[in-house]
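Asks: Show me the folded form of this:
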Amino acid sequence: MLTDRKMVDVFDIYDKMERNNILLSFKGEITSDLLTSILQIMENKMENMQEEPKMKKKVYNVLVECLQNLYHHLDDSSNFTGDNNRSAIFMIGKLEGKYSIFTGNYILNENINGLKSRLDEVNSLSKEELKEYYKKVLNNGEMSLKGGGGLGMIDIARKTGEKLEYDFLEIDNKVSFFTLNIKVSQQN
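Replies: Just a heads-up that it's a prediction; the model follows:
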C-alpha cells in the first residue's frame, strides 16, 4: 500500500509529465516485444490525436530508428553492475506541433569518443551532405560491431532536418549515461 508521501510523489511525476506534454514514458529493460508495443501504442495515440498522415509517418520512422538504436546498441551488460544492464529510458512528448523523442541508456566510457565523433560528424553536415554521406556509408559496406554502420543516426538527421542533441553523464570510471533528444516537426 502506498503511503501519503508516495502518493504525493506519484502525483508530482504525473503533474510534471502533464506539464511537459509527455505522451509516453518508459524506464526498464529493452526487449523486442517492448519495442513492438511502444510502436503500436504511439501509432494508436497519433491516430486518436488525428495527426496528419505525413507527420505520423515521419514520427513513426524516427521512433523506429531511435528504439532500434536503444535495442541494438546497448553496451555489453556484463560490464555493468546492479540494474544497469539492459535498462534504458524512453519518452516522447509533443509541444507546439513538434514531437520530442528522448532516449537514455548506459554506455561504456571507452565507447564515448567513437559515438561522439560520429554524432558530431552527422551534426556538421548539410541536408545534401547527409544524403551523400548516407550513400557513402551504405555503399562502403562498413558495419559497426552491432551491424548498423551508423546509418540510423544519419537517417534520423535526414528525416528530421534537425541536429541531434546528445549528452553523456559520467556515472563512474567505467560507465556513463548517454541521452539523445530528437525533435520532429512538420517543416522538414
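Asks: and whichever helix in the chain runs longest, what other elements does it pack with?
Replies: Criterion DSSP state H: the longest helix present in the chain is helix 53-72. With contacts defined as 3 or more Cβ pairs under 8 Å, 6 or more residues apart in numbering; DSSP states H and E, the packing partners of helix 53-72 are helix 32-48, strand 87-95, strand 98-108, helix 151-160, strand 175-184. Every residue, glycine included, has its C-beta placed from N, CA and C.
Asks: Return the distance of the second one from the chain's centre.
Replies: This points to strand 87-95. Distance, stretch centre to chain centre, for strand 87-95: 7 Å (Cα atoms, centre = their mean, to the nearest Å).
Asks: Run me through the strand neighbours of it, direction for each.
Replies: Strand 87-95 has the following sheet partners, assigned by DSSP bridges: strand 22-29 (antiparallel), strand 98-108 (antiparallel).
Asks: For those strands, state which one has the densest average packing.
Replies: Relative to the other members of the strands paired with strand 87-95, strand 98-108 carries the highest mean neighbour count by mean count of other Cβ atoms under 10 Å, namely a mean of 19.
Asks: tilt between it and helix 151-160?
Replies: Counting by axes from the mean of the first three to the mean of the last three Cα atoms, to 10 degrees, strand 98-108 lies at 160 degrees to helix 151-160.
Asks: any idea how far the next helix or strand after strand 98-108 is from the chain center?
Replies: Toward the C-terminal end, the helix or strand that comes next after strand 98-108 (DSSP states H and E) is helix 112-124. For helix 112-124, the gap between its own C-alpha mean and the chain's C-alpha mean amounts to 15 Å (Cα atoms, centre = their mean).
Asks: Tabulate the CA atom coordinates of the worst-scoring helix or strand of the chain on mean pLDDT in CSV.
Replies: Across the helices and strands of the chain, mean pLDDT, DSSP states H and E gives its lowest value to helix 4-19, namely a mean of 80. Only the C-alpha atoms of helix 4-19 are listed here, as CSV (Å, rounded to 0.1, in the frame of the first residue of the first chain):
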residue,chain,number,x,y,z
ASP,A,4,0.6,9.5,1.7
ARG,A,5,4.1,10.7,0.8
LYS,A,6,4.5,8.2,-2.0
MET,A,7,1.0,9.2,-3.4
VAL,A,8,2.2,12.8,-3.5
ASP,A,9,5.4,11.7,-5.3
VAL,A,10,3.3,9.8,-7.9
PHE,A,11,1.1,12.8,-8.4
ASP,A,12,4.2,15.0,-8.8
ILE,A,13,5.5,12.7,-11.5
TYR,A,14,2.1,12.8,-13.2
ASP,A,15,2.0,16.6,-13.0
LYS,A,16,5.5,17.0,-14.4
MET,A,17,4.6,14.7,-17.3
GLU,A,18,1.4,16.6,-17.9
ARG,A,19,3.1,20.0,-17.9
